[in-house]
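Visitor: pasting a predicted model and its sequence here:
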Amino acid sequence: MVEIASRPARPGHLARPTRPGALSADPVTLPPVAVPPPHVTPHVAPHVVPFTRTRICAEARQAVADVLESGWVTSGQQVIEFESELAAYVGADHGIAVSSCTAAIELALRALELPAGSKVLMSTVTFCGAAAAIRHAGHVPVLADVDPVTAMPSCDTVAAAAAGCGGVDALVVVHLTGLPTDVRALADAAGVDLAHVVEDAAHALGTVVGDEPVGSISRATCFSFYATKNLAIGEGGMVTTDDPELAGRIRQARLHGMSADAWRRYLPGGGWRYDVAVDGLKANMTDVQAAIGRAQLRRFDVDQGRRAAVAARYDEGLSGIPGLRRPLRPLAGRHAWHLYTVRVEPAYGMGRDELIDALRARGVMTSVHFIPLHHLTWFRDHCIVPAEGLPGADRVFDRILSLPMDAVLTDAEVDQVCAALAESARRGGAR
């Protein structure tokens, strides 16, 4: 009997089991096992630090459930209570809840009863919604340049803008990032009575000018409760004022100009009839939104304390990085710290846009506040822009960068942001 031996398997092969009656087995190729060299460390994605997060507290969630269970979800008692509570918080006599800060500004300007086509002075470094509100109210925005240090109009830039267009009829003052600005001084510089000043306080719930809370200074102050704001509902806004007639005009105009809303018509003793005597908007707030706002307001001071602590930790962690200028702090009053915005100066070693990409690669999300209005096509064509341009805003825009900021940002996340900025400076050759 002759034995026939199986062929030995080649390296990387394995012999098949022999079938019954088979004399030998053919080799089977197996995929090679990938073993990284001992000196290679597997890539681990960095922890992502979002630019901001919306936290809706447990009390707000329960309040929403209660409203849904009640059977009344549109404007009603919750809105009335929220208006009263927020007005009291800022030291105003009246609060009128609306659908957004943009709607608040438009309604406030309408309630001033200015002649159609009035010139309204405002900063060019702000959100486009403020200028849209002026246009929708039937007026013309006049853009003022900004102080390169504060990124807000100064008395000099306001006076120059007003003089350049032959005078203005009203003024919208913005507290950019939550930094307080002197409302009265700007009104004087513009030649505008305080009764014709509306504050854009979208960033400024919790801001104090001197010893006056924002919301109690001018004739009308407009707040935002957008998802990113210090008091976040998701959407919503409010006007605060000490003027009862102004409050009444805004309250009527926010719901089509109707003389009575559904809540008042359906209360015991109410009637179904109503009149429409003014041109209004559909800009009311719902009880669902107001219930969230009331609960968020009760913990607002705690959240503001955390924002202040985050800002202080950033200040410490970013000190000593060449070419990176930290935010200005007020000499008097209080910053609301809606945003923590740094300046990327030439000495940093790389430009702002390049830095945004470098930080994203390290898991740090950022933003820019804001693109100046005269850089945006529609507003450049529909606003009054000084013939000499707005050089302060142009300079600021190329350098501003808003870092992650919210009330749930951890110390470890702040440190990660600071480390990423320091490392980017080293790679960019900061000097």
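Guide: Done, it's in. Bear in mind the structure is a predicted one, so any value in this text is a computation, not a measurement. Numbering: from 1, shown residues only.

Visitor: any idea how many residues pack against the nearest residue in space to residue 247 that is not next to it in sequence?
Guide: Nearest non-adjacent residue to residue 247, counting by C-beta to C-beta, 6 or more residues apart in numbering: residue 94, 3.8 Å away. Yep, even glycine has a C-beta here, placed from its N, CA and C like the rest. The number of residues packed near residue 94 is 19, by other C-beta atoms under 10 Å.

Visitor: what bridges to residue 94?
Guide: residue 241 (DSSP bridges).

Visitor: for it, give its distance to residue 170.
Guide: 20 Å (C-beta to C-beta, to the nearest Å).

Visitor: ok, back up a step: quick one: the residue nearest to residue 247 and residue 240 touch, right?
Guide: Yes. Judged on C-beta atoms under 8 Å, residue 94 makes contact with residue 240 at a distance of 6.7 Å.

Visitor: joint contacts of the two?
Guide: Counting by C-beta atoms under 8 Å, 6 or more residues apart in numbering, the shared contacts of residue 94 and residue 240 are residue 87.

Visitor: tell me how far the nearest residue in space to residue 156 that is not next to it in sequence lies from residue 79.
Guide: Computed as C-beta to C-beta, 6+ apart, the closest residue to residue 156 that is not its neighbour in sequence is residue 189, at 7.5 Å. Look at residue 189 and residue 79: by C-beta to C-beta, they are 37 Å apart.

Visitor: how about residue 300?
Guide: 18 Å.

Visitor: show me what contacts residue 304?
Guide: Residue 304 is in contact with 206, 230, 336-337, 407, counting by C-beta under 8 Å, 6+ apart.

Visitor: so after the helix or strand hosting residue 187, what's the next helix or strand?
Guide: According to DSSP states H and E, residue 187 maps onto helix 183-190. Counting by DSSP H and E, the next helix or strand C-terminal to helix 183-190 is strand 197-200.

Visitor: would you mark the buried spots in that next one?
Guide: Residues of strand 197-200 classed as buried by neighbour count (16 or more other C-beta atoms under 10 Å): 197-200.

Visitor: CA atoms of that strand as PDB?
Guide: Taking Å, rounded to 0.1, in the frame of the first residue of the first chain, the C-alpha atoms of strand 197-200 are listed here in PDB:
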ATOM      1  CA  VAL A 197     -35.100 104.700  23.000                       C
ATOM      2  CA  VAL A 198     -35.700 100.900  22.700                       C
ATOM      3  CA  GLU A 199     -33.200  98.500  24.200                       C
ATOM      4  CA  ASP A 200     -32.200  95.300  22.400                       C
END
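
Visitor: what about it, average pLDDT?
Guide: For strand 197-200, the mean per-residue pLDDT is 98.

Visitor: how about stretch 377-389?
Guide: On average, stretch 377-389 scores 97.

Visitor: and the pLDDT for residue 31?
Guide: 55.

Visitor: got it, and residue 330?
Guide: Note on residue 330: pLDDT of 96.

Visitor: dump the helix holding residue 187 to PDB, restricted to CA.
Guide: Only the C-alpha atoms of helix 183-190 are listed here, as PDB (Å, rounded to 0.1, in the frame of the first residue of the first chain):
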ATOM      1  CA  VAL A 183     -28.100 104.000  27.500                       C
ATOM      2  CA  ARG A 184     -28.600 107.600  28.600                       C
ATOM      3  CA  ALA A 185     -25.200 108.700  27.300                       C
ATOM      4  CA  LEU A 186     -25.900 107.200  23.900                       C
ATOM      5  CA  ALA A 187     -29.300 108.800  23.800                       C
ATOM      6  CA  ASP A 188     -27.800 112.200  24.600                       C
ATOM      7  CA  ALA A 189     -25.100 111.700  21.900                       C
ATOM      8  CA  ALA A 190     -27.800 110.800  19.300                       C
END
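
Visitor: what helices and strands are in contact with it?
Guide: Helices and strands touching helix 183-190, by 3 or more C-beta pairs under 8 Å, 6 or more residues apart in numbering; DSSP states H and E, are helix 155-164, strand 170-174, strand 197-200.

Visitor: buried set for the first one?
Guide: Taking 16+ other C-beta under 10 Å as the neighbour-count basis, helix 155-164 is seen to contain the buried residues 157-162, 164.

Visitor: which helices and strands does that helix pack with?
Guide: With 3+ C-beta pairs under 8 Å, 6+ apart as the test, helix 155-164 has strand 119-123, strand 140-144, helix 183-190 packed against it.

Visitor: what's in contact with it?
Guide: With C-beta under 8 Å, 6+ apart, helix 155-164 has contacts from 121, 142-147, 153, 168, 171, 185-186, 188-192, 386-387, 392.

Visitor: tilt between it and helix 183-190?
Guide: Helix 155-164 runs at 40 degrees relative to helix 183-190, counting by axes from the mean of the first three to the mean of the last three C-alpha atoms, to 10 degrees.

Visitor: what angle do helix 155-164 and strand 170-174 make?
Guide: With the same axes, to 10 degrees defining the directions, helix 155-164 sits at 150 degrees from strand 170-174.

Visitor: count the neighbours of the closest residue to residue 296 other than its chain neighbours for me.
Guide: With C-beta to C-beta, 6+ apart as the criterion, residue 296 has its nearest non-adjacent residue at 5.1 Å, and that residue is residue 231. Neighbourhood size, residue 231 [other C-beta under 10 Å]: 22.

Visitor: again, but for residue 398
Guide: 13.

Visitor: quick revisit: out of the buried residues of strand 197-200, which is nearest to residue 268?
Guide: Taking C-beta to C-beta as the measure, residue 268 lies nearest residue 198 of the buried residues of strand 197-200, at 37.0 Å.

Visitor: show me what that closest one bridges to in the sheet.
Guide: Applying DSSP bridges, one finds that residue 198 bridges with residue 172, residue 220.

Visitor: shouldn't it be in contact with residue 171?
Guide: Yes. Taking C-beta under 8 Å as the definition, residue 198 is a contact partner of residue 171 at 7.5 Å.

Visitor: ok, back up a step: so which bits of the helix holding residue 187 are buried?
Guide: Applying 16+ other C-beta under 10 Å to helix 183-190 flags 183, 186-187, 189-190 as buried.
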